[in-house]
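Trainee: generate coordinates for the sequence data below:
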Amino acid sequence: MYKPNFCAECGSQISRGQWALWTSRRFCSECSGRFRKTETGLPFILGIALLIAGFTFGRYLRPAPPPLIIQRSASSLLSDTPLGIASTVRAQVPGNRTAGSPAEGDNQTQPPEEIIYTCGARTKKGTPCARRVHGPVRCWQHKGAPSILPQEKLLIKD
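Mentor: Next comes the predicted model:
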């Protein structure tokens, strides 16, 4: 590492006991205060430029996110066509008299109605839970608890 013996600005002899990274190597103690901004400015700007270049390069090399895939069961009530196109496609199906309702003679299979039950588990009050559930199971709060009503009384008939 270069250690000069004379100041580059005033020419006086430089005599320092210790050399550190933050001390000026080219100027004496009187002149180093005036040039501190220029000595630290360039490395600071270069450091910021390297940081920005690193972030930009890392962003460029990042792999693209995988496409969003929504999977539905075969018995799903939702259509696979986009929302705006669904009404147009329904209107073009032969046999439909109106855009939204099927004709009386069409053999379209409707999904089976889900059977709705009540939970029926014993609450803190001692009464059966009246939350509606899909199937003869318990609600989220009473999972695993037995029902205090028979199965016939848990079925909700609309």
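Trainee: and the next element down the chain from the lowest-mean-pLDDT helix or strand in the chain?
Mentor: Within the chain, no helix or strand scores below helix 83-92, which has a mean of 54 by mean pLDDT, DSSP states H and E. The first helix or strand that comes after helix 83-92 along the chain, using DSSP states H and E, is strand 116-118.
Trainee: which parts of the protein are strands?
Mentor: For the chain, the strands defined by DSSP state E cover 116-118, 132-134.
Trainee: wait, which of these is closest to residue 9?
Mentor: Nearest to residue 9 among the strands of the chain is strand 132-134 (85.5 Å), distances taken as CB to CB. (C-beta placed from N, C-alpha, C; glycine too.)
Trainee: may I see the buried residues of the closest one?
Mentor: residue 133 (16 or more other CB atoms under 10 Å).
Trainee: so for it, mean pLDDT?
Mentor: Averaging pLDDT along strand 132-134 gives 90.
Trainee: which outside residues touch it?
Mentor: 114, 115, 116, 117, 118, 119, 139, 156 (CB atoms under 8 Å, 6 or more residues apart in numbering).
Trainee: thinking again about what came up before, mind putting the strands of the chain in CSV, distance to residue 125 included?
Mentor: Output for those, formatted as CSV (distance: least, CB to CB, whole Å):
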stretch, distance to residue 125
strand 116-118, 15
strand 132-134, 18
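Trainee: out of those strands, nearest to residue 4?
Mentor: strand 132-134 (84.9 Å).
Trainee: give me the below-cutoff pLDDT ranges for the chain.
Mentor: Within the chain, the segments meeting pLDDT under 70 span 1-2, 16-25, 33, 35-39, 78-112, 158.
Trainee: if we can go back for a sec, what's the closest of the strands of the chain to residue 10?
Mentor: Nearest of the strands of the chain (CB to CB): strand 132-134, 89.4 Å.
Trainee: now the helices for the chain?
Mentor: 29-32, 36-61, 83-92, 151-154 (DSSP state H).
Trainee: what packs against the second one?
Mentor: Using 3 or more CB pairs under 8 Å, 6 or more residues apart in numbering; DSSP states H and E as the contact criterion, helix 36-61 has no neighbours among helices and strands.
Trainee: of the strands of the chain, which is nearest residue 149?
Mentor: strand 116-118 (7.9 Å).
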